[in-house]
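Novice: Sharing a model prediction with you, sequence too.
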Amino acid sequence: MNDSIKLNVENISLILQERGRFLTLLDHVSLKIRQGRIHALLGPSGSGKSTLLYTLNRLRQISEGEIYLDNTETRSLNILDLRRRVGLVMQKAIFFSGTVSDNILYGPRIQDKELPDPFHYLELVGLNPDFTNRDPNTLSGGQQQRVSIARALANDPEVLLLDEPTSALDAQASEHLEEVVMQLCQECQLTVVWVTHDLHQARRVAQDVTLLYRGQMLEQGEAADFFAQPITVEGRAYLDGRLGGVE
């Protein structure tokens, strides 16, 4: 077991002011993400899963607390360097103009790095090299999400953030994508933080889990322990489908 902590989230809150009111999206959340493992963020709708995910590469800015990447506070890092090291794949694939190859090489180009071979990244995500010259907008949903992961991997990330990447895919495409991510995690020691609303998926892919509810962290631990016996009333209700989302 790898107990090295890749991301350490310490007592973070995210508070917005809207129309004279304060809205708390995250409320003193702490968690540890272990290196080379898949960590699932769970909870009903409106619990703060995606918000928390986006704070990890500063797409959302925290109001208080600290987030550490390899013991370095992320706000002290150059934002482009942070987002290279902590890649993000969103729920719906969004592409730049150009070919699949152009999209995969986008990150290395803006960093003025030596351009890698896009074939390598297509192979990593299980796509044929023939895809390089295709328009990504003509691909199936599952293929598009694989290209999104390939694009993130071309930046040589240490952490991959996944925001419900299979929610719009059919069962077969979802399982293929799960296999790709699990293999990358195992072979490349990639650390993955995966937001999912699908408990069956979380059982298949996750080694660690965090349960969020109304912006607070309720449980954190190994996935097998959580699914076997949650320690909170809310955790048991969530697994039974009785924990409602936030309106």
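Specialist: Looks like it came in fine.
Novice: Looking at this structure, which helix is longest?
Specialist: helix 171-188 (DSSP state H).
Novice: Find the residue ranges of this structure scoring beneath the pLDDT cut-off.
Specialist: For the chain, the stretches flagged by pLDDT under 70 are 1-2, 245-247.
Novice: got the residue ranges for the strands in it?
Specialist: Secondary structure of the chain (DSSP state E): strands at 5-18, 21-34, 38-42, 64-69, 72-73, 86-89, 159-163, 191-195, 208-213, 216-222.
Novice: will you turn those strands into TSV that also has mean neighbour count?
Specialist: C-betas here are computed from N, CA, C, even on glycine. Formatted as TSV, those follow (neighbours: other C-beta atoms under 10 Å):
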stretch	mean neighbour count
strand 5-18	16
strand 21-34	16
strand 38-42	26
strand 64-69	17
strand 72-73	12
strand 86-89	23
strand 159-163	24
strand 191-195	25
strand 208-213	24
strand 216-222	17
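Novice: Would you format the ones you listed as JSON lines with distance to Glu175 included?
Specialist: Shown next, in JSON lines, are the strands of the chain (distance: least, C-beta to C-beta, whole Å):
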{"stretch": "strand 5-18", "distance to Glu175": "26"}
{"stretch": "strand 21-34", "distance to Glu175": "24"}
{"stretch": "strand 38-42", "distance to Glu175": "15"}
{"stretch": "strand 64-69", "distance to Glu175": "30"}
{"stretch": "strand 72-73", "distance to Glu175": "36"}
{"stretch": "strand 86-89", "distance to Glu175": "17"}
{"stretch": "strand 159-163", "distance to Glu175": "15"}
{"stretch": "strand 191-195", "distance to Glu175": "14"}
{"stretch": "strand 208-213", "distance to Glu175": "20"}
{"stretch": "strand 216-222", "distance to Glu175": "23"}
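Novice: Ok, which of those strands comes nearest Gly241?
Specialist: Gly241 lies closest to strand 38-42 among the strands of the chain, at 12.6 Å (C-beta to C-beta).
Novice: and the closest one, what does it pack onto?
Specialist: helix 49-55, helix 171-188, strand 191-195, helix 199-205, strand 208-213 (3 or more C-beta pairs under 8 Å, 6 or more residues apart in numbering; DSSP states H and E).
Novice: Tell me which of those lies nearest to Leu7.
Specialist: strand 191-195 (7.3 Å).
Novice: Any idea what Trp194 is bridged to?
Specialist: Ala40, Leu162 (DSSP bridges).
Novice: who's in contact with it?
Specialist: Neighbouring residues of Trp194 by C-beta atoms under 8 Å, 6 or more residues apart in numbering: Ile38, His39, Ala40, Leu41, Leu162, Val181, Ala202, Val205, Ala206.
Novice: if we go to 10 Å?
Specialist: 38-42, 49, 53, 89, 160-166, 178, 181, 185, 201-202, 205-206, 209 (C-beta atoms under 10 Å, 6 or more residues apart in numbering).
Novice: likewise Ile79?
Specialist: Counting by C-beta under 10 Å, 6+ apart, Ile79 has contacts Asn57, Arg58, Leu59.
Novice: let's see it at 8 Å
Specialist: Here Ile79 is in contact with Arg58 (criterion: C-beta under 8 Å, 6+ apart).
Novice: I appreciate the help and will end here.
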